[in-house]
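Q: Please find the sequence and the predicted model below.
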Amino acid sequence: MWPNENGPGERAMPFVAKTVLVMLIGTAILWSPAVAAAQFDDKPAASDDSEQSTGGAQPEAEQTVRIQVGIIIKSTGSVLRGVYGTTPIPIEWPEQKVKIVEEDISRQVKSVKYKTVGKTMKQMVVTIPTVERGGTAKALVTFEVKKSALKAPEETDGYVIPEKLDRKMRKYLMASPYIETRNGRIRKLAKQLDERTADLTAWKKVETIYDWVRDNIEYKKGDLKGAQRALKDGYGDCEELSSLFIAICRINDIPARTVWIPGHCYPEFYLHDSEGNGYWFPCQAAGARAFGSMPEHRIILQKGDNFKVPEKKERQRYVAEFLKVDSAGAKKPKVEFVRKVLP
């Protein structure tokens, strides 16, 4: 599935759209693997990352890409009524600039709006009252994304672990799905690493955690299992290595979170400078070594790993696509979530 509840990591399909057939009778829900301009009344705003100021990791080597995102649904028999769908869209970060450059919205679409989830990701929300028998409705939006690599700061001795955090930042010290900060084995390891680095700077403390995970957890593709199992088994892929690094950081009072990009994810950690300004720093848990920097130019889909969405009772580590049809008859509509890079 692309992407799915597991996020767009290496278990996901390549960065292309996927067509899915579903049976929807009465009210049904689909979790996918993958308006006229006058009606388009809510442009996506920049993400809330106010804790990031002009210091920290510095953007460099900007690359520009156009990406089309949206939903296409086709009736293969019966009339479709009450279609409601959401799909993640890229939003702005210090290293990523986003703007809408084109819209392709069919007449059946009542509205296309945008909704912020957890202040670190956005969804495009599509409502379609009716799709006639044999008809096709679509809501496609093209974004221009300018994505920069990030260069680590030259001087790192002045960074410290935050002593005080506001409410929105404290969530990055708590447990998340598959980031089990309450697990005894992970907590024991975190304490050992904390004691080992007692005389080091905050930057070197985090780097020690980073190197321990890379040196002791073998990179190996497999099913999603989280930080606890990765530590027990001694192996995992990008999602497991990132989750274990984040869990150890959080236990040692270092805020950390997941960054999701197409086909991959990596962690970020958060430190203060000597004046109390906060900065997020990325690192490559799986792949070529990159600590405090990020050579990746793939667009950021979302940041964070503990989201609450109305479509699911459980908290989500990644907000996936969603589709609901109130009434679809007995025949399968054809559904396509689109996310593709344009030439």
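A: Thanks, I have the structure now. Numbering: from 1, shown residues only.

Q: wait, Leu241 sits on Ala230?
A: Yes - between Leu241 and Ala230 there is a contact at 7.0 Å, judged by C-beta atoms under 8 Å. Backbone N, C-alpha and C define where each C-beta goes, glycine included.

Q: tell me, what's touching those two both at once?
A: Ile217 (C-beta atoms under 8 Å, 6 or more residues apart in numbering).

Q: For Met124, give me its contacts.
A: Met124 sits in contact with Val69, Gly70, Thr86, Thr87, Pro88, Ile89, Val112, Lys113, Tyr114, Ala139, Val141, where contact means C-beta under 8 Å, 6+ apart.

Q: Tabulate the residues you listed in a markdown table, adding columns for pLDDT and secondary structure.
A: Formatted as a markdown table, these follow (pLDDT from 0 to 100; DSSP: H, G, I helix; E, B strand; the rest coil):
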| residue | pLDDT | secondary structure |
| --- | --- | --- |
| Val69 | 97 | strand |
| Gly70 | 97 | strand |
| Thr86 | 96 | strand |
| Thr87 | 96 | strand |
| Pro88 | 96 | strand |
| Ile89 | 96 | strand |
| Val112 | 97 | strand |
| Lys113 | 96 | strand |
| Tyr114 | 95 | strand |
| Ala139 | 98 | strand |
| Val141 | 98 | strand |
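
Q: Most neighbours among the residues you listed, please name it.
A: Neighbour tally across the contacts of Met124 (other C-beta atoms under 10 Å): the maximum, 29 neighbours, falls on Ala139.

Q: Met124 versus that residue, what's the distance?
A: Distance, Ala139 to Met124, using C-beta to C-beta, to the nearest Å: 7 Å.

Q: Quickly note the distance from Phe322 to Thr116.
A: Taking C-beta to C-beta, one finds Phe322 at 16 Å from Thr116.

Q: And those two? Which one has more around it.
A: Per other C-beta under 10 Å, whichever of Phe322 and Thr116 has more neighbours is Phe322, with 22 against 14.

Q: Can you pull the phi and psi angles for that one?
A: Backbone dihedrals for Phe322, given as degrees, to the nearest 10, come out at phi -150, psi 140.

Q: That one against Pro88, yeah?
A: No - counting by C-beta under 8 Å, Phe322 stays clear of Pro88, with 9.9 Å between them.

Q: related to what we said a few turns ago, shared neighbours, Ala139 and Met124?
A: Residues touching both Ala139 and Met124 by C-beta under 8 Å, 6+ apart: Gly70, Val112.

Q: so what's Val131 closest to, chain neighbours aside?
A: Computed as C-beta to C-beta, 6 or more residues apart in numbering, the closest residue to Val131 that is not its neighbour in sequence is Leu80, at 4.0 Å.

Q: Compute the distance between that neighbour and Glu195, please.
A: Distance from Leu80 to Glu195, by C-beta to C-beta: 60 Å.

Q: likewise Val112?
A: Taking C-beta to C-beta, one finds Val112 at 53 Å from Glu195.

Q: ok, now Lys119?
A: Taking C-beta to C-beta, one finds Lys119 at 35 Å from Glu195.

Q: Neighbour count for those two, which is higher?
A: It is Lys119, of Lys119 and Glu195, that has more neighbours when counted by other C-beta under 10 Å, with 14 against 8.

Q: Lys168 is in contact with that one, correct?
A: Yes - proximity of Lys119 to Lys168 meets the contact threshold set by C-beta under 8 Å, at 6.9 Å.

Q: Quick check: phi and psi on Glu102?
A: phi -160, psi 150.
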